[in-house]
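[1] below: sequence and its predicted model.
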Amino acid sequence: MQKPKIIALYGSPRRKGNTATLLKKAAEGARDAGAHVEEIVLRDLKLSPCLEIYGCLQAGECAIKDDFQKVRDKILGAQGLMLASPVFFYTVSSHTKILMDRFQSLWVKKYWVDKTPLEQQTSTRKGLFISVGATKGKKLFDGMLLTVKYFFDVLDMELWQSLLYRQLDFQDDVLKHPEYLEEAYSAGKQFVRAITG
Ligand SMILES: Cc1cc2nc3c(=O)[nH]c(=O)nc-3n(C[C@H](O)[C@H](O)[C@H](O)COP(=O)(O)O)c2cc1C
């Protein structure tokens, strides 16, 4: 039997920061549960922001040719997406947001080019979201969770679980919380069960 495919997207500019460490753990858990996990570090890609030229109105294809097409096809070809981004100004990092905005071309394809009725949305696949922020406010993740939910929506993915941790700021802060790492590992394992049903 083929292994279920998962993409792990690293959205922080910090390679070994808190979200990266947590996502690594989730990826390890998913692999231990039998999934094939491909890791993609967004800061290593050549990605232009959306230029709002709406070249995608032609056939739902983004007109800007860079690493977007490659990463889009990988994400669309996977049963699950694990996304990790720190809180930057109460939303996702700019690396993450640039990728999200480029998926407007998929939104245009679905709803304007192919004319899929909005109520016909189906979540056939699943997403796991990981985030951390430095502060401890109750609403710390409220803004980004809306952004993330609607990003997964356009991918036909249900936001299956979010792991959100407050009061982590310096690169290694998460290492002081082995229970967070344990939680990420076991979420990765359970995620494989969830996507394989
Ligand atoms: C540009 C920038 C904006 C930030 N904005 C917020 C914020 O709005 N709220 C917050 O609690 N922390 C904020 N932080 C702190 C980060 O969320 C925190 O350092 C986090 O641990 C970084 O995660 P990483 O190690 O995975 O990159 C910000 C940090 C940067 C660099």
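    That came in fine, so what should we check first?
[2] measure the one residue sitting closest to the centre of the chain to A20 for me?
    By CA atoms, centre = their mean, the mean C-alpha position of the chain lies nearest to L83, the distance being 2.8 Å. The spacing between L83 and A20, counted by CB to CB, to the nearest Å, is 12 Å. Where C-beta positions appear, they are placed from N, C-alpha and C, glycine not excepted.
[3] ditto for K136
    Here the distance between K136 and A20 works out to 21 Å (CB to CB).
[4] quick one: average confidence on stretch 62-69?
    Per-residue pLDDT over stretch 62-69 has a mean of 98.
[5] nearest residue to whichever residue of the chain sits closest to the ligand other than its sequence neighbours?
    Using CB to the nearest ligand atom, the closest approach of the chain to the ligand is made by G17 at 2.3 Å. Nearest residue to G17 in three dimensions, chain neighbours excluded: Q171, at 5.1 Å (CB to CB, 6 or more residues apart in numbering).
[6] check V192 too.
    The shortest distance from V192 to any non-neighbouring residue, by CB to CB, 6+ apart, is to A33 (3.8 Å).
[7] next, that neighbour: phi, psi?
    phi -90, psi 10 (degrees, to the nearest 10).
[8] just list the residues touching it, thanks.
    A33 makes contacts with 188-193, as judged by CB atoms under 8 Å, 6 or more residues apart in numbering.
[9] just V113 next, same as before
    Contacts of V113 by CB under 8 Å, 6+ apart are 56-57, 59-60.
[10] make it 10 Å
    56-61, 105, 107 (CB atoms under 10 Å, 6 or more residues apart in numbering).
[11] same check on L145?
    91-92, 129, 131, 159, 162, 164.
[12] 8 Å - rerun?
    L145 neighbours (CB under 8 Å, 6+ apart): 129, 162.
[13] can you check L155 too?
    75-76, 81, 103, 106, 125, 127.
[14] please apply the same query to P86.
    Contacts of P86 (CB under 8 Å, 6+ apart): 11-12, 14, 17-19, 93, 131-133.
[15] same thing but at 6 Å, please
    Neighbouring residues of P86 by CB atoms under 6 Å, 6 or more residues apart in numbering: 12, 19, 93, 132.
[16] what bridges to it?
    V132 (DSSP bridges).
[17] can you give me the helices in this protein?
    18-32, 68-76, 94-102, 104-108, 142-154, 178-196 (DSSP state H).
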